[in-house]
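*Asks:* What would the 3D arrangement of this be:
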Amino acid sequence: MPGGRLTQQERRQIALGLADSLSYAEIARRLDRPTSTVTREVMRNGGPTAYRADLAHRATERRARRSGPAAVREPDAAPPSHGRDTAAVAEYEEEFTTVLMSSGLAKMPARVLAALYLGDTGSLTASDLVRQLRVSPASVSKAVAYLESQSLVRRERDGQRRDRYVVDDELFYQATIASARANDRLVATARQGVAVLGADSPAAARLENVARFLDFISESITRAAEQAREVLHTPRPPVS
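*Replies:* Numbering: from 1, shown residues only. Now for the predicted structure:
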C-alpha cells in the first residue's frame with residue numbers, strides 16, 4: 001500500500017469518485033490507500049460537495065511550506081506521557097477530528113472536542129486550547145460556544161476562577177437527550193400542520209407520517225439512552 005502524500009493525480013481521482021457518488025471506502029480501494037486518508041483529505045478541503053482537486057493540492061503545498069520539511073510536533077509541545085508514541089497520538093487525534101467532522105461538526109469545534117477527549121484530565125482552559133491547537137482565542141471561544149449549545153461540553157470554574165471546559169461520560173447522555181427533545185419539537189410542529197392543512201389532505205397525511213416516525217425514534221432514543229446510562233454507571237464486577 002503506497003504511503004506519503006497524495007499526488008495531484010490521486011486528488012483528481014478522488015474528485016471524480018465524489019462526482020460519481022462513490023463512498024470514501026470505494027475511492028480509497030481504487031487508490032490503494034487507507035479510507036482514513038481519503039476521508040481526511042476531503043474533509044480538510046471543503047467536504048464532499050466542495051472538494052476541488054487542484055485547489056486541495058495547492059492548499060496542501062502551502063501547508064507543507066509553512067510547516068517546514070518535517071511534519072512533526074514542535075519542540076515546545078508537551079512531552080510524552082504514559083509511554084505513548086507522540087507521533088501515533090498526533091495521527092490518531094487527526095483521525096478522531098476527521099471522524100467528528102464527518103458526523104457533522106465544523107472543523108474547529110471538532111478539533112476542540114478531540115483535544116478535550118484525548119487529554120487525560122478531560123478538561124482544558126481557553127488558554128490551554130489556544131496554545132495546544134495554535135489558534136486564536138476568538139476561534140476557541142466560538143467553537144466552545146457551539147459545543148456548549150449542543151450539550152457536548154460543560155463549563156466549570158476552577159480554583160483560580162478560570163473557566164474550564166469539561167467532557168465526561170454524562171455529556172453524551174445529555175447530548176442524546178437534547179437530540180430527542182429536538183425531535184419532539186418537530187413532532188409537535190408537524191401535527192400542528194396536520195390541523196392547519198386538514199386531516200384528509202395528502203399534505204397532512206405526509207406530515208402525520210413524519211410525526212409518527214420521529215415520535216417513535218425519539219421515544220426509542222430516550223429509552224436506549226436511559227438504559228445505556230444505567231449500564232455505564234453500574235460498577236463492573238471484579239475480574240476473577
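*Asks:* Find the residue at the geometric middle of this structure.
*Replies:* Centroid-nearest residue in the chain: L100, 1.7 Å away (criterion: Cα atoms, centre = their mean).
*Asks:* Can you verify my assumption that L118 contacts V89?
*Replies:* Yes. Here L118 reaches V89: they are 7.3 Å apart, a contact under Cβ atoms under 8 Å. All C-beta atoms are positioned from the backbone trio N, CA, C, and that covers glycine.
*Asks:* low-scoring stretches of the protein, by residue?
*Replies:* For the chain, applying pLDDT under 70 flags the ranges 1-3, 63-82, 239-240.
*Asks:* thinking again about what came up before, what sits against the closest residue to the residue nearest to the centre of the chain other than its chain neighbours?
*Replies:* Nearest residue to L100 in three dimensions, chain neighbours excluded: A110, at 3.8 Å (Cβ to Cβ, 6 or more residues apart in numbering). By Cβ atoms under 8 Å, 6 or more residues apart in numbering, the contact set of A110 is 97-98, 100-101.
*Asks:* For burial, what's the neighbour tally of Y24?
*Replies:* Close neighbours of Y24, defined as other Cβ atoms under 10 Å, add up to 21.
*Asks:* swap in L232?
*Replies:* L232 has 11 nearby residues by other Cβ under 10 Å.
*Asks:* Skip the chain neighbours and tell me the closest residue to it.
*Replies:* D169 (5.7 Å).
*Asks:* which helices and strands does the helix of greatest length in the chain pack with?
*Replies:* Assignment by DSSP state H gives helix 202-232 as the longest helix of the chain. Packing partners of helix 202-232 (3 or more Cβ pairs under 8 Å, 6 or more residues apart in numbering; DSSP states H and E): helix 169-197.
*Asks:* can you give me the angle the helix it packs on makes with helix 202-232?
*Replies:* Angle, helix 169-197 to helix 202-232, by axes from the mean of the first three to the mean of the last three Cα atoms, to 10 degrees: 160 degrees.
*Asks:* What residues of helix 169-197 count as buried?
*Replies:* Residues of helix 169-197 classed as buried by neighbour count (16 or more other Cβ atoms under 10 Å): 171-177, 179-180, 183, 187, 190-191, 193-194, 197.
*Asks:* What's the separation between A190 and A203?
*Replies:* According to Cβ to Cβ, to the nearest Å, A190 and A203 sit 11 Å apart.
*Asks:* Against R134, how distant is L197?
*Replies:* For L197, the distance to R134 (Cβ to Cβ) stands at 53 Å.
*Asks:* what does L207 give?
*Replies:* 48 Å.
*Asks:* Likewise for R11?
*Replies:* Applying Cβ to Cβ, the value for R11 to R134 is 26 Å.
*Asks:* the more surrounded of the two?
*Replies:* Regarding R11 and R134, a neighbour count based on other Cβ under 10 Å identifies R11 as having more, with 23 against 8.
*Asks:* my guess is that one meets E41, correct?
*Replies:* Yes. R11 lies in contact with E41 (Cβ under 8 Å); the separation is 7.2 Å.
*Asks:* Touching both of those two, which residues are there?
*Replies:* Taking Cβ under 8 Å, 6+ apart as the criterion, R11 and E41 both touch A56.
*Asks:* Tell me who's in contact with the residue lying farthest from the centre of the chain.
*Replies:* For the chain, the largest distance from the centre (Cα atoms, centre = their mean) belongs to D200, which lies 42.2 Å off. Not one residue lies near D200 by Cβ under 8 Å, 6+ apart.
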